[in-house]
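Asks: build me a structure from this.
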Amino acid sequence: MSMSAGWYLRRLSRMGPREVGGRVGDAVRRRRWRSARPSCPAVTGARFTAVLPPGAVDAVPPDAAKRLVAEADRLMGGRATYFGVTRDDMTDPDWWYDPKTGLRAPGCYAFDVPYRDENAVGDVKQLWEPSRHQYLTVLAAAYAVTGDERYAERVAGHLRSWWSVNEPLRGVHWTSGIELGIRLLSWVWVRRLLDGWPGAAGLFEHNPVALGQIWHHQRWLAAFPSRGSSANNHVVAEAAGQLAAACAFGWFPASPRWRADALRTLERQLRGNTFGSGLNRELATEYHGLVLELGLAAVAEADAAGVPVPAPVRRVLLRMTDALAAVVDDRLRPPRQGDADDGHGLVVDGAGTDRWASLLATGDAVFGRLSWWPVVTGTDVRTPLLAALTRRTAPAVPRPASRPAHFADAGMTILRGPEGIWCRCDGGPHGFLSIAAHAHADALSVEVRHDGVDVLADPGTFCYHGQPEWRRYFRSTLGHNTLEVDGADQSVSGGPFLWTRHARSRVLEPGPSDAEVSRWCAEHEGYPGSVHRRRVELTAASRELRVTDALRGPRRAVRLAFHLGPAVAVDLAGNRARLSWTRDGADRSATLDLPGQLTWRAHRGESDPPLGWYSPGFGRKEPATTLVGSGSVDGADELTTVLGFHG
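Replies: This is a model prediction of the structure:
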């Protein structure tokens, strides 16, 4: 998708004067760098000292090591899957080739690459993801736990290939700061995990090409930080990668300055990106996970290098960890809120390792768990390695004495019932900063699970670039469990990562009310001239969830959507839907009584227009049933939906 002149004008309208000035300076610098590309300063006597302490690798649990090695062996076979697309060229990757579209990105000056235009470049996510080199950290970790030099040699060959093809400022891999930041973090861990291999120093600190790449990456990040309305998870990734490299690869005259600047940026942006409650301000759960991973990895690097970490950094990461522990369901699954692109900060584990369990295990190792935290039974490779580098300390700040259910600043409430009934209610801000890049038009939506199974599901994200009709659908109001009015979204989109008008929500009753009945009520004014109010009640004894919608104002056309999870089968008769699914071999069921004032239809796997889909991960979608009730209502009407779980 290429950006129109109208998009640029809308994007400019969301910037303040300081951001505009910064971007003008960036444009001047890009033009100057085209013809003036300095060489890396000479480096002599470089040594890598940021090694793992003795015994760190031995602390990796055997089952986690087994998963890691199995994953590494799959990679050695030359196949890897990114966002639902399998590459079979991973023995000798073509770094500019997109297997999804069959296109190769141009090899021109980096800032001339039209990376948003899929017709010119291909799907840029398919290009960028392998070049984050997180599959190389997996191979390097496999070497660390086995001593098998095949893994180390493959890593070395791929790095030399990448460095040769992707000269500084040439091609698509030099266009986005988050990519450079995460790649630097991967290189630090590759060097660390290969430390016992005889070729490690020759690959990195004794290799002029590697030194040049590391220096140019850090110079780029220092020159082109994400600014203003774009200062979301990207700027955290940039700072974390810069800090990691400046600590572990501190061989350059500018290293002390880069390190100090990155640490200041990390402190400021972690605080700026995080609510006081500990939830991420983007209100996109996967980015909460990404930022937490990046922050923990950055602190580990600073601690390993003996660099003092400002106390607010640890406090924010502690709050984020406690918030994650508070919102996950009984199967340790967090909400599926907002955008998600399967992004990770540091990957050293094999397939089958639970990301969220791993984060909680790391939080326990670094900060200590609270009594109300859910039990984590899984194992991972990353936790013992990070813990070995990190100074274990719990900042001297108050922590919740019991499991929080309501996060006022984020507008999120979690209602819980017996048998793992879990309900997320959304009454928070539309998104973060003026563009709310990763927000969806999902005000007052609910998400309901039973023992970890999506019953009323958030459909997810599916895509960013190249498929605008699908991007619009998965972000839309109709694409969530809430009320659409007059066929329009609650918030107004100005592009795939831009909202020009934000629905404003407020929570009227935060819940839970008592042990028997949990109540929540909120409203939003996203539709001019009307106010949508929603009440949710969860009754424990009857295992019943009641949702009541009202639209104050004149009579208007509405559509009320309920998206069922992909595991749920449905039999719709009139305004009653019988739901059934299986969990761990046991049959489960529920009844969904829908408002009789509306006419109900079931939709599944429709494409023109899209409706009835669930995205289990970025780049992947599968049919799922969506129930849509259509009609018209005014202020005198109440639409009542009752979801009753059976024994």
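Asks: which stretches of the chain have low pLDDT?
Replies: Along the chain, the model assigns pLDDT under 70 to residues 1-4, 7-8, 512-514, 647.
Asks: in it, where's the longest helix?
Replies: In the chain, ranked by residue count with DSSP state H as the criterion, the top helix is helix 285-305.
Asks: helices or strands up against that helix?
Replies: Helices and strands touching helix 285-305, by 3 or more CB pairs under 8 Å, 6 or more residues apart in numbering; DSSP states H and E, are helix 177-193, helix 233-248, helix 255-272, helix 311-327, helix 355-367, helix 382-389. (Each C-beta comes from the backbone N, C-alpha and C, glycine too.)
Asks: highest mean neighbour count out of the ones you listed?
Replies: helix 233-248 (a mean of 28; mean count of other CB atoms under 10 Å).
Asks: tell me how far that helix lies from the chain's centre.
Replies: 17 Å (CA atoms, centre = their mean, to the nearest Å).
Asks: for it, packing partners?
Replies: So helix 233-248, by 3+ CB pairs under 8 Å, 6+ apart, packs with helix 177-193, helix 208-223, helix 255-272, helix 285-305.
Asks: chain center to the shortest one: distance?
Replies: If you compare the mean C-alpha spot of helix 208-223 with that of the full chain, they lie 26 Å apart, counting by CA atoms, centre = their mean.
Asks: list the buried residues in it.
Replies: By neighbour count on 16 or more other CB atoms under 10 Å, the buried set for helix 208-223 is 210-222.
Asks: in CSV: those, plus distance to residue 79.
Replies: Output for the buried residues of helix 208-223, formatted as CSV (distance: CB to CB, whole Å):
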residue, distance to residue 79
210, 27
211, 32
212, 31
213, 26
214, 29
215, 33
216, 31
217, 28
218, 33
219, 35
220, 31
221, 32
222, 37
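Asks: nearest to residue 295 among those residues?
Replies: Closest approach to residue 295 among the buried residues of helix 208-223 (CB to CB): residue 221, at 16.7 Å.
Asks: follow-up on the earlier one: any chance of the helices and strands packed on helix 233-248 in a markdown table, with distance to residue 10 too?
Replies: Shown next, in a markdown table, are those (distance: least, CB to CB, whole Å):
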| stretch | distance to residue 10 |
| --- | --- |
| helix 177-193 | 22 |
| helix 208-223 | 27 |
| helix 255-272 | 24 |
| helix 285-305 | 23 |
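Asks: related to what we said a few turns ago, reformat the helices and strands packed on helix 285-305 into JSON lines and put distance to residue 629 next to each item.
Replies: Formatted as JSON lines, these follow (distance: least, CB to CB, whole Å):
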{"stretch": "helix 177-193", "distance to residue 629": "41"}
{"stretch": "helix 233-248", "distance to residue 629": "36"}
{"stretch": "helix 255-272", "distance to residue 629": "40"}
{"stretch": "helix 311-327", "distance to residue 629": "29"}
{"stretch": "helix 355-367", "distance to residue 629": "34"}
{"stretch": "helix 382-389", "distance to residue 629": "45"}
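Asks: quick one, which of those is nearest to residue 57?
Replies: The closest of those to residue 57 is helix 382-389. By CB to CB, the value is 7.6 Å.
Asks: elements contacting the closest one?
Replies: Partner elements for helix 382-389 (3+ CB pairs under 8 Å, 6+ apart): helix 285-305, helix 355-367.
Asks: please redo it, this time with the cut-off set to 10 Å
Replies: Helices and strands touching helix 382-389, by 3 or more CB pairs under 10 Å, 6 or more residues apart in numbering; DSSP states H and E, are helix 62-76, helix 134-146, helix 177-193, helix 285-305, helix 355-367.
Asks: buried sites along the second one?
Replies: Yep, that's helix 134-146 we're talking about. Across helix 134-146, burial judged by 16+ other CB under 10 Å covers 134, 135, 136, 137, 138, 139, 140, 141, 142, 143, 144, 145.
Asks: please tell me how far the fourth one sits from residue 240.
Replies: Applying CB to CB, to the nearest Å, the value for residue 137 to residue 240 is 14 Å.
Asks: looking at the helices and strands packed on helix 285-305, which is nearest to residue 11?
Replies: It is, among these and with distance given as CB to CB, helix 233-248, at 15.2 Å.
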